[in-house]
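Trainee: Test case, fold it:
(2 chains)
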Amino acid sequence: MKKKKALTRLIFQEILTSKARFISILLLILIGVSFFSGLNASGPDMLQTAKLYFENQKLMDIHIVSTMGLEEEDIEIIKQQEGIDTLEVGYSKDVITQKQDRLLRIFSYDAGNTLNQFEVIDGKLPSKSGEIALLYSDMMTSIYQIGDMVTFKPDSEDTDLSEQFHKTDYKIVGFVKSPLYISDKQLGSGTVGKGLLDGFGVISNKDFNLPVYTDAYLTLKSLRGLDSYSSQYKDIINEYEKQIESSFETRAITRLADIKEEAKETLEDAKKKVEEGKQELLDGEKKLTDAKEKIEDGKVKLADGEKTLADAKQKLLDGEKEYEDNKALFDEQIADGKTQLDIGGNQLASGQSEINENRKKVEEGRKQIAKGLKEIEAKETELTTQKNQLQAFLEQTKQVIEVPASFIPTDQQNALIAAGDSISLGNGQTVGDLWRAYFAGKIGGETIVTTLEGILSQIEEGIKTIATTKSELEKKQAELASAKEQLDKAQEQINNGNDTIIEKTREFEAAKADGEAKLAEAKQKIEDGWKEYEEGVTKLEEEKQKLLDAEKEYEDGLAEYQEKKPDALQKIADAEKEIADGEKELNDLKAPTYYALSRSDNPGYDEYADNAKRLSALSLVFPAFFFAIAALVSLTTITRMIEEQRVQIGTLKAQGYTNFEISLKYYVYALGASSIGAILGLLGGFYGIPKIIVSAYRSMYDLPDKQFHSYLWIALVAVGISVLSTGISVWVVLRQELTGTPATLMRPKAPKVGKRIFLERITPIWNRLNFVQKVTMRNLFRYKQRMIMTIFGIAGCMGLMITGFGIGDSISLMSKLQYKDIVKYQAMVIFDEDASSEKKEEAKDVIEKLEGIEGSILIANQLYKVKKTGVNTQQVMVIAPYDTALFSSYVTLQKRGSTDVFDIPKEGAVITEKLSDLFQVKVGDILTLTDSDNQTFEVPVAKITENYAGHFIYLSPKTYADCLGEGEITFNGALLRYNQSPEWEDQLANKLNQYKGILAISYNTSMIGTFDATMDSLNTVVLVIVIAAAVLAFVVLYNLTNINVSERIRELSTIKVLGFYDGEVTMYIYRENIILSLFGIFFGSFLGKILHYFVLSTASLDNMMFSYVLKTSSYIYAGILTILFSSLVMWVMHNKLKHVDMIEALKSNE
Amino acid sequence: MSYVKIINEYRRYHMGESTIVANNGINFEIEKGEFAIILGPSGAGKSTVLNILGGMDSPDEGKVLVDGVDIATYSSKQLTKYRREDVGFVFQFYNLVPNLTAKENVELATQISPEALDVDMVLEQVGLSDRKLNFPAQLSGGEQQRVAIARALAKNPKLLLCDEPTGALDYETGKQILKLLQDTSQKTGTTVIVITHNSAIAPMADRVIHIHNAKVRSIEVNKTPIPVEQIEW
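Mentor: Okay, here's the model as predicted:
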């Protein structure tokens, strides 16, 4: 007993003296266990919380709706189903609020109902008409407060709210939550307005004014108590859903027939009425048109008459003008003729007088010439006489002078003288004088001869001249004779002219008379014409007046008609449109579809489970790894502790303690530390970490009564591993030690023999190292086990941190990759395939002409399933764009890791990566798609493309038509690209919802939002991982360094004594740690990469894939943290080494 | 003035409520180049004196003058520098670094000492030229102690302090080590101070300081020290 007491004391003393070691083991186990249990418990906790919530609120198992609501007959059919526990019916309708245009789903509340109980957060549920309770969410409470009024407004002009509700104004009496909506942010889509629900409201069922129920909720007996996230539950539900839907098959057809029959009758009546109205209108119109026609005819006639009159008038005027012209012309001509006649007379008269004058002149000339001739002839005779006398005288003279003068008788002389005196010489002298002189002897005879000859030639000359003059005169005489002749001729002409003039004058007079007569006739005619015209005008005026009267009458009629017509037309058009719409509706009317929905169809319901499962995936890899490190390090620590106490063991043994008694201490120590650590760890793991993690999801899912449970299996595993790992290490080490004899044990264990290390053989390297480096290298290899352990520990922590940061990277990158780099469109519009073709065309047109977008492309898209045993059936969106060349602006197709963007090939499908991985389908394989009617289609795979969320298959229109469309392709949707605000999107949705051809529009922004919110929650998990890894890194480093120091305390004391400064002492040992840390960081980087990949591929769900991108910064952060912790440990160690008592260490020989 | 002079030095250790006085007013002097032995029974306080002289401990009172400087007033850092440059230590259990060869163990000291001697020369001086590449575990106790002495000497210290250097050695080897120390003192003029409880070796010293009960009992100055070979015990 005494012994035992000593032993017990020894144990507690041991713990007290080595607090640090005890705590470090405890801490390692604590971190490992809490992390392991915490992450493992979080997922189940989330599911438990949900389960309890659903149980408490009595969430329905099946929710039945139909496209035409539920009639009593429908309810009867449901009632006949087997195994129904509770069945309740109610109303729901989507409305838009007056304030801020919020889209709410309004549920009916019946206090007697038990299913889907609302949880009242504030205020109360509606107890009477006109009261409303709203969803308790940040958005709702920020808009409304209790006591406010909510006003519904119609989403379009066609909507008559009074057909749905008795009231449109409701007073808010409370804020509630519904188990139908697990998340207050993700409320699914509505049927009116912008599409996405902003919240819901609850009003008394009496406020609804619907002819049929809209919802039936039921729970099943067979599902009572089952976890609704379990596969068992899902199997039963699936079976039941099918069963219900099939039980409505015939009902749908008969219901359609009923509706059609009823509608047809009403339509026929309406049609008849419309036809009558139309006929009436037509009659009225006909009368009016007849009248109008008549008037028009009259008008035409009048116009004709007017025209004829005008023509006549014109003609008359023309005639008048012509008459005037003619008259003027006639007058002119008459005047002209007369003038000419006058001129002719005058000319003739002046010709006559000229002739007369000329005749006188010719007569005078003849007389003068005759007189001249007579004179000339006389002169000629005279001159010829003179000549003859003179010639005779000359002959006498010549004979005289031949005889001398003296011999001439005086008488002869005197005769001669006398004869001579009659011949004048001109100068007063005469030939007689000459003769006197001659006789006087004064002059010779020659002189007288010459003179006489001279006179003779003169006379001869004169005779000649007179001959000339005579011929001239004779010539003139001839001329005059011809002039006379001419005159005679002229006279004749004049005489002729006179005759002509007389003739002409006679003719002129006749013409004049004729012309005047004609003119007079014309004038008469014109005057007659005018008269006739005047008569016409009067008649026309009369006609005109008549027409005006008719017109007036017509106008009155028309005005009346027109006044009444629009009204009538509108009535007819309305009626017709109503009928057409009704007919169309009737034609388009499909048999009502009945849907049996399960909890999985509730918005956010499956995502919640997905999130929980993702946590479980994380909790598998991380903590195991974590735990391994913790256990290994505590093992090392215990090993060292036992080795340190060899002497003590030996002493105890020597004193006769049994092996068991000696071991007890170590078992108590190790198991004490590990079990305390494990229990504390479990506490933290079950109640601490899940709280942090679950609260991270609170922004998405804020469920009441959060469940934080202890899970036996987790506890057993955690405690088991920690206790076993420490216990076994004690057992192993002790077994080794206890086999030795006390003597050997008490002798100090031979110090580890120094050895040359491998590196020394590589002289080129070894020689290059300085002394300190050599020492470090030697030491590193001296403690191989610890070296490996340190590297492993640090690498592990580094890897964990990288993974933590890396998950953050991948998460933050995902929405960017998926919704920015890969999916480039912002919205997808789905046309209503049941709409009429014109509505569809209209829809296409609207999309094409949409403003504010960068582009749109028509697509054919359809949802298919891909099935394979062993793999969860996946929903796959098949998209075939109208133009494959343009498609790259909407979706980037590329192999992950490559930047080579490709187009959709002509043949074969482009499938997304996760789909390919999941179903092991490679390029060249055939993928089988199943449609909603369980028909299968085969599509050859041509390419695989990068994608992170959802499964897609991209096809060329040709492939689509060939493989899926039986040779045809219908473009039933469109993708839109734009850069706009969410408000704009809301407006767009409002706008597009007005078109019947557009079924839905879905925005990627909302997906990004949900996505980011989920991922943000995961970020908290990442933070927990990083912090835990960091703490682990610190503890591991601290422990290992501590062991290192304690093992080498003598060595350290020695160098301290040798005069190593404190810093040098620390570095002496820490240099190794730095190298090991660097190695750890190096290996840890690879480990981190692998771990990251592993964790992400485990954590990724069936329909999503994480990006395996690890940013360099993550490596750097993890590295920096590791170095930081290493430095922290170094600083702690430094302080510890500073205070090492070197004397104590050196004295003993342990 | 003496090379080493301790004046009224006190050192007290507090163990819980009781106080142990290890050095109770120690006074002595040692001349430069002397081979001094501090003699006394276990627990007399001689190791404390040595530790204080060696700069590993500081007195509570009094002066410790080494080469005219009072090291009692030194800070921890100054003491380290003092140990580094002025003091060589030889321990009972050698305290070699097991992972380093003989030569490397010596180098460990010369690395940090400003006036270090040539390592090979010192090793030759202690007669270990051919064992210098061996690890401590491969050496006998005497050889290990020689390495330790070489390590101390290689720093070319002002003081060579030896704490029971032969305590873990057999008679012969112990003798050889003592001889090495004596020779070193005589040949190199290093001031050597050896602590021992073995009074038999006292005659080999130039000066013997008897310490008993934390006080110096007597100081003998031996004008003619006897070579260690002639001493038997």
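Trainee: contacts and neighbour counts: CA atoms only from here.
Mentor: Noted.
Trainee: The most centrally placed residue in chain B and chain A, how far apart?
Mentor: Taking Cα atoms, centre = their mean, the centroid of chain B lies closest to residue B:161, which sits 1.3 Å from it. To chain A, residue B:161 is 12 Å away according to Cα to the nearest Cα, to the nearest Å.
Trainee: That residue belongs to a strand?
Mentor: Yes - the assignment for residue B:161 by DSSP: H, G, I helix; E, B strand; the rest coil puts it in a strand.
Trainee: And the strand or helix carrying residue A:45, what does it pack against?
Mentor: Assigned by DSSP states H and E, residue A:45 belongs to helix A:19-56. Helix A:19-56 sits against helix A:605-644, helix A:659-683, helix A:689-696, helix A:712-738, helix A:1004-1047, with contacts defined as 3 or more Cα pairs under 8 Å, 6 or more residues apart in numbering or on different chains; DSSP states H and E.
Trainee: can you point me to the longest helix in chain B?
Mentor: Looking across chain B with DSSP state H, the single longest helix is helix B:171-188.
Trainee: Give me the distance from that helix to the chain's centre.
Mentor: Between the centre of helix B:171-188 and the centre of its chain there are 12 Å (Cα atoms, centre = their mean, to the nearest Å).
Trainee: For chain B, which residues are neighbours of chain A?
Mentor: B:51, B:56, B:77, B:80-85, B:88-89, B:91-93, B:95-101, B:107-109, B:111-112, B:135-137 (Cα under 8 Å from any Cα of the partner chain).
Trainee: Which among those count as buried?
Mentor: The neighbour count (16 or more other Cα atoms under 10 Å in any protein chain shown) marks B:51, B:56, B:80-85, B:88-89, B:91-93, B:95-101, B:107-109, B:112, B:135-137 as buried among the residues of chain B next to chain A.
Trainee: ok, back up a step: for the longest helix of chain B, name the packing helices and strands.
Mentor: Taking 3+ Cα pairs under 8 Å, 6+ apart as the contact cut, helix B:171-188 packs with strand B:35-39, helix B:141-153, strand B:191-196.
Trainee: of all the ones you listed, which lies closest to residue A:430?
Mentor: Set against residue A:430 and scored by Cα to Cα, the helices and strands packed on helix B:171-188 come closest in helix B:141-153, at 211.0 Å.
Trainee: got a list of contacts for that closest one?
Mentor: With contact meaning Cα atoms under 8 Å, 6 or more residues apart in numbering or on different chains, helix B:141-153 is reached by B:87-91, B:93-96, B:102-103, B:105-110, B:117, B:122-123, B:125-128, B:136, B:160, B:165, B:168-169, B:173-174, B:177.
Trainee: And stretch A:490-505, by the same measure?
Mentor: For stretch A:490-505, contacts defined as Cα under 8 Å, 6+ apart pick out A:341, A:344-345, A:348, A:351-352, A:355.
Trainee: Helix, strand or coil: sort out residue A:384 for me.
Mentor: The three-state assignment at residue A:384 reads helix, by three-state DSSP.
Trainee: Residue A:1134 is in contact with residue A:1066, correct?
Mentor: Yes - look at residue A:1066 against residue A:1134 with Cα atoms under 8 Å: they come within range, at 5.5 Å.
Trainee: Between the two, which contacts overlap?
Mentor: Between them, residue A:1066 and residue A:1134 share no contacting residue, judged by Cα under 8 Å, 6+ apart.
Trainee: returning to that earlier point: next, format the helices and strands packed on helix B:171-188 as a markdown table and append mean neighbour count and mean pLDDT.
Mentor: Formatted as a markdown table, these follow (neighbours: other Cα atoms under 10 Å in any protein chain shown; pLDDT from 0 to 100):
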| stretch | mean neighbour count | mean pLDDT |
| --- | --- | --- |
| strand B:35-39 | 26 | 90 |
| helix B:141-153 | 26 | 88 |
| strand B:191-196 | 24 | 90 |
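Trainee: can you redo the ones you listed as TSV with distance to residue A:911?
Mentor: As requested, those are exported to TSV (distance: least, Cα to Cα, whole Å):
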stretch	distance to residue A:911
strand B:35-39	92
helix B:141-153	75
strand B:191-196	88
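Trainee: my read is residue B:96 is in a helix, agree?
Mentor: No - with three-state DSSP as the criterion, residue B:96 is located in coil rather than a helix.
Trainee: Wait, it touches residue B:107, no?
Mentor: No - using Cα under 8 Å, residue B:96 is not in contact with residue B:107, being 11.6 Å away.
Trainee: Give me the neighbour count for residue 199.
Mentor: If you meant another chain, say so; for now it's chain A. Using other Cα atoms under 10 Å in any protein chain shown, residue A:199 is surrounded by 23 other residues.
Trainee: Chain B was what I was after
Mentor: 15.
Trainee: Please give me every residue in contact with it.
Mentor: B:39-40.
Trainee: Return the distance of it relative to residue B:147.
Mentor: Residue B:199 is 25 Å from residue B:147, where distance means Cα to Cα, to the nearest Å.
Trainee: One more: residue A:1039?
Mentor: On the measure of Cα to Cα, residue A:1039 and residue B:147 end up 33 Å apart.
Trainee: Chain B: strands as residue ranges?
Mentor: B:4-15, B:18-30, B:35-39, B:61-66, B:69-70, B:87-90, B:159-163, B:191-196, B:207-212, B:215-221 (DSSP state E).
Trainee: hang on, the earlier thing: inside helices: which ones of the residues of chain B next to chain A?
Mentor: Per DSSP H, those map to helices at B:51, B:77, B:80-85, B:107-109.
Trainee: I'm done for today, thanks for sticking with me.
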